[in-house]
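Enquirer: make a model of this:
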Amino acid sequence: MIAFDVQVWWESYGVALVVTLVISLVLTLLSRRSLRRFRRRAKASGDDAEGRRMRRFATVAGIMAGTVVVIAWFIFTVTLLGSLGVSIGPLIASAGIAGIALGFGAQTLVRDTISGLFIFLEGQFDVGDIVDLTTSSETVSGTVETLSLRTTAIRQYDGSLSTVPNGLIEVTNNRTRGWGRAVVDVRVALDEEPDRVRSVVEELFEEIREQPPLGEWLRQPPQFLGVTQLTDNAQVIRMAAETMPSHRVDTERLLRAKIVARLSERGVKTPPAMPGMPPTP
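Expert: Numbers count the residues shown, from 1 in each chain. Purely as a prediction, here's the structure:
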C-alpha cells in the first residue's frame, strides 16, 4: 500500500517537482556565473560609450536575473507545498492578509525598493561605477559591485564590502560619468619667479600630452593656473587638467611626480622645511 502511494505521488507530482527544482538550480548557477563575468567586464571597462553600455548591461542583467531566480524558486515552493497536500488557496489568502498587516510596519522596505527602482530607471549609477553615496550618517565611497531594488553593495578602497539600503541614499556622486578634473598643487620658494615656473611646467606639458598613459587619460592639455596661495615660506602653484573620470586620481599622482621631478631638474627651489617637518616638494 505504501509503495502504491509513493508511486501515485511520484506519478502525480514527482516529475513536476524535479523539473522545477532542476530549473531553479540551473537558473541560480547560470545567473551567478554570468553575473560574475559581467561584473568583471564592467569593472574593467573604460569611460567611453562602450564601457558605459557594458556597465548598464551588467546592472540590468543583475536585476533581471535576481527577479527570474526568485520567481523560479517561488514556483518550486508552491509545487512542493501542493505535492505535500497543502492547500495553496487559503495559504495565499492568509499571506495577503498578513501582507496587509505587515505593510504598516514595512515602510522601510517599501522606501528602499522604490528608491532602488528610481536609481535603476534614472541610471544614477551602474555596476562598475565609482561612486560616493552620502547617507544620513556617513559617506560610502568605492566601486558598485551589485545593485538590487533594495540595496547597493559598494567595494570600498580598503577592500571592505559595504551594503547600503537604497532608501538611505541622500546624495550620489558618480565619479565615472562625463569628465573629471585633476588638480595638482606644488610648493616653491617665495623668491622663485612664477613665470619661470610656468615656462618649465608648460614645456613639460607639451612633452607629455601625447605620451601614454597620460595621453590616454587626458581629455584636454593640462593648464597652468598660477599662484593660488602664499604662506610664510612658500608659494603654492596650481595646475589642472580635464581627464577621463575614472583616472582622475591616477592623473593627479602621475602629474605631480613628473612636475616635481622636472622642477628639481631645472633647479627650481623648494621652500625650506618647517621645524620638525619633512621637506615639502
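
Enquirer: what mean pLDDT does the helix or strand harbouring residue 260 get?
Expert: Residue 260 belongs to helix 248-265 when assigned by DSSP states H and E. Taken as a whole, helix 248-265 has a mean pLDDT of 91.

Enquirer: cool, and stretch 125-135?
Expert: Mean per-residue pLDDT for stretch 125-135: 88.

Enquirer: ok so, going back, CA-only coordinates of the helix holding residue 260 in PDB, if you can.
Expert: Output of helix 248-265 as PDB, limited to C-alpha atoms (Å, rounded to 0.1, in the frame of the first residue of the first chain):
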ATOM      1  CA  ARG A 248      41.400  61.500 -12.100                       C
ATOM      2  CA  VAL A 249      43.400  60.300  -9.100                       C
ATOM      3  CA  ASP A 250      45.900  58.400 -11.300                       C
ATOM      4  CA  THR A 251      46.400  61.500 -13.400                       C
ATOM      5  CA  GLU A 252      47.000  63.700 -10.300                       C
ATOM      6  CA  ARG A 253      49.500  61.300  -8.900                       C
ATOM      7  CA  LEU A 254      51.500  60.900 -12.100                       C
ATOM      8  CA  LEU A 255      51.400  64.600 -13.000                       C
ATOM      9  CA  ARG A 256      52.600  65.600  -9.500                       C
ATOM     10  CA  ALA A 257      55.500  63.200  -9.800                       C
ATOM     11  CA  LYS A 258      56.500  64.500 -13.200                       C
ATOM     12  CA  ILE A 259      56.100  68.200 -12.300                       C
ATOM     13  CA  VAL A 260      58.200  67.800  -9.100                       C
ATOM     14  CA  ALA A 261      60.900  65.900 -10.900                       C
ATOM     15  CA  ARG A 262      61.100  68.500 -13.700                       C
ATOM     16  CA  LEU A 263      61.200  71.400 -11.300                       C
ATOM     17  CA  SER A 264      64.000  69.800  -9.400                       C
ATOM     18  CA  GLU A 265      65.900  69.000 -12.600                       C
END
